[in-house]
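Undergrad: give the three-dimensional model of this entry:
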Amino acid sequence: MRFQVHLTAMNARTFIASVSLACSLAAPLHSQVTQAPTGPAAPIASAQSAEPGSNLTVYLLTFGWAEVSWERFGHNAIWIKDRTRGTDMTYNWGMFDFNQPRFVWRFVTGDTKYWMEPIPYNSMIEAYRRENRSILAQELNLTPAQRLKLQQFVEWNALPENKFYRYDYYRDNCSTRLRDAIDHALSGQLQTATVTRMTSGTYRWHTQRLMTGDIPLYTGVTLALGHPADKPLSIWEEMFLPVRMANDLRTVNIPDSLGTPVPLVRSETAIFTAGRPPEPAEPPFYFPMFVAVGIAFAAALVILVRSAEGGSRIAMFGATALATLWSLIAGVAGLALVFAWAFTKHYFMGRNENLLHFDPLSIALVVLIPLSIYARRGVSRATKFAGLIALLCLFGFVAQGIPLFSQKNGEIIALALPINLAVWWTVFRLTAYRRTSLPSSAAL
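TA: Numbering: from 1, shown residues only. Predicted structure coming up:
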């Protein structure tokens, strides 16, 4: 059976390629029970005495992460074993199709259509075994009535008129849809038990954690996520991540049919253990690297300008090219951030303080820098634009102490601030040198 399974809460690389815009203190998937749940142990009640739903066994399947960007966030599904029908079906909310009309545009603007699909258990498990992804099954401690309610809901959700939804990386993805289905079966008890229990993580923190090892993707995500991504998460919200959801459900108790609190997870089984390390438990510490790159770029500009003032035409060209290249990168990135904030449905890219460091105004310097240095035209305008961009970047750094400017973007500041200051200094020095240099230097 051929099917397409989306295994991520944030297909980050495609967006980073377009912006250049990716979603656990996570314990490894592990087993508390050693045998795979090939069949329920409970005996089948007689047809006359069986309570509706007693023929069902419900599991949460959690699939571990992998190293490819769109697999880093893991995946999950509901598995319902129906002894009356003799069926084992998994229900997966992560289906999408690259061949959908205008897929790329929908992805960029935050209007991607995903859907839920029932998939036979064996097909689902075999697909993840082939990909070397860990598989954990958690039997949920639901009453027969709750199991039946869940089965009826997922079968209704799988109907063609009900299965599609607009995918949101954090608030409405394959894991939150599954969470909401379980909560529906529990009549809201899961949300009640978890919505007020806060965690130490944020959307940015978890995303950066899962981007460990992929520096371009990590940089793009850090640049693209705005202020809303730094909101502290409750356990309810943290369940946007499949592995975190599996971990969090271990701590949840719900009333049984007699009102007695019981664990939501009855038992666990490691169906398959991948031969790879578990998810990173903490975000990587890349800050020194961003500092080093920013200082190195700025230092290169300073050295080239000094050499150009000594009469080197090659250094003059190199300084102009580097300053223009940075302005192009910063300007295009800034325009993309404005577009994401103002014209898309990507809520977590709004209120982005990185606009102070990757400024859309920089795009003007792509023309003004070479024009002012080589043609000695627009000198005042180029100097003012470069100075304003550097000043805004400096303000973004100083404003980190103000409550309204609390976005966790230290790495972006460390990269952009020395470069923006060096670009302003480059424009100021080279345009002044061109005005005051001897006539013999006109050929420069």
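Undergrad: okay, and the helix or strand of the protein with the least pLDDT?
TA: None of the helices or strands of the chain scores lower by mean pLDDT, DSSP states H and E than helix 12-18, at a mean of 37.
Undergrad: what strands line up against the very next helix or strand once past it, and which way round?
TA: Next helix or strand after helix 12-18 toward the C-terminus (DSSP states H and E): strand 56-63. In the sheet, strand 56-63 lines up against strand 75-82 (antiparallel), strand 135-140 (antiparallel) (DSSP bridges).
Undergrad: now those strands as a markdown table including mean neighbour count?
TA: For the C-beta atoms, the positions are set from N, CA and C on the backbone; glycine is no exception. Below are the strands paired with strand 56-63 laid out as a markdown table (neighbours: other CB atoms under 10 Å):
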| stretch | mean neighbour count |
| --- | --- |
| strand 75-82 | 24 |
| strand 135-140 | 23 |
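Undergrad: those strands: which one's closest to K345?
TA: Proximity to K345, assessed across those by CB to CB, is greatest for strand 75-82 (22.8 Å).
Undergrad: after that closest one, next one along is what?
TA: Downstream of strand 75-82, the next assigned helix or strand under DSSP H and E is strand 87-95.
Undergrad: so that following strand versus strand 56-63, what angle?
TA: Put simply, strand 87-95 runs at 40 degrees to strand 56-63, going by axes from the mean of the first three to the mean of the last three CA atoms, to 10 degrees.
Undergrad: for strand 87-95, packing partners?
TA: Packing partners of strand 87-95 (3 or more CB pairs under 8 Å, 6 or more residues apart in numbering; DSSP states H and E): strand 75-82, strand 113-120, helix 121-130, helix 174-185.
Undergrad: need those in TSV (columns: mean pLDDT and distance to P216).
TA: Below are the helices and strands packed on strand 87-95 laid out as TSV (pLDDT from 0 to 100; distance: least, CB to CB, whole Å):
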stretch	mean pLDDT	distance to P216
strand 75-82	98	23
strand 113-120	96	25
helix 121-130	96	27
helix 174-185	98	25
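Undergrad: so which of those is nearest T344?
TA: strand 113-120 (15.1 Å).
Undergrad: just checking: what are the partner strands of the closest one?
TA: Here strand 113-120 is paired, per DSSP bridges, with strand 87-95 (antiparallel), strand 164-166 (antiparallel).
Undergrad: contacts for it next, please.
TA: The contact list for strand 113-120 (CB atoms under 8 Å, 6 or more residues apart in numbering) reads 1, 3, 5-6, 77, 88-96, 100, 106, 154-155, 157-158, 163-167, 173-174, 177.
Undergrad: just the CA coordinates for it, please, in PDB.
TA: Provided in PDB are the C-alpha atoms of strand 113-120 (Å, rounded to 0.1, in the frame of the first residue of the first chain):
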ATOM      1  CA  LYS A 113      -3.600  21.700   3.400                       C
ATOM      2  CA  TYR A 114      -3.000  18.500   5.300                       C
ATOM      3  CA  TRP A 115      -5.400  15.700   5.900                       C
ATOM      4  CA  MET A 116      -6.100  12.700   8.100                       C
ATOM      5  CA  GLU A 117      -5.800   9.200   6.700                       C
ATOM      6  CA  PRO A 118      -6.500   5.700   8.100                       C
ATOM      7  CA  ILE A 119      -3.500   3.400   7.400                       C
ATOM      8  CA  PRO A 120      -3.300  -0.300   8.200                       C
END
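Undergrad: still on that earlier bit, who wins for proximity to H184 among the strands paired with strand 56-63?
TA: Closest approach to H184 among these (CB to CB): strand 75-82, 11.4 Å.
Undergrad: gap between the closest one and the chain center?
TA: 25 Å (CA atoms, centre = their mean, to the nearest Å).
Undergrad: before we move on, what about stretch 248-262?
TA: 31 Å.
Undergrad: any idea which helix is longest in this protein?
TA: helix 313-343 (DSSP state H).
Undergrad: what packs against it?
TA: Judged by 3+ CB pairs under 8 Å, 6+ apart, the packing partners of helix 313-343 are helix 215-224, helix 287-309, helix 362-374, helix 410-436.
Undergrad: now those in a markdown table, with distance to R147?
TA: What follows is these, written out as a markdown table (distance: least, CB to CB, whole Å):
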| stretch | distance to R147 |
| --- | --- |
| helix 215-224 | 39 |
| helix 287-309 | 49 |
| helix 362-374 | 58 |
| helix 410-436 | 47 |
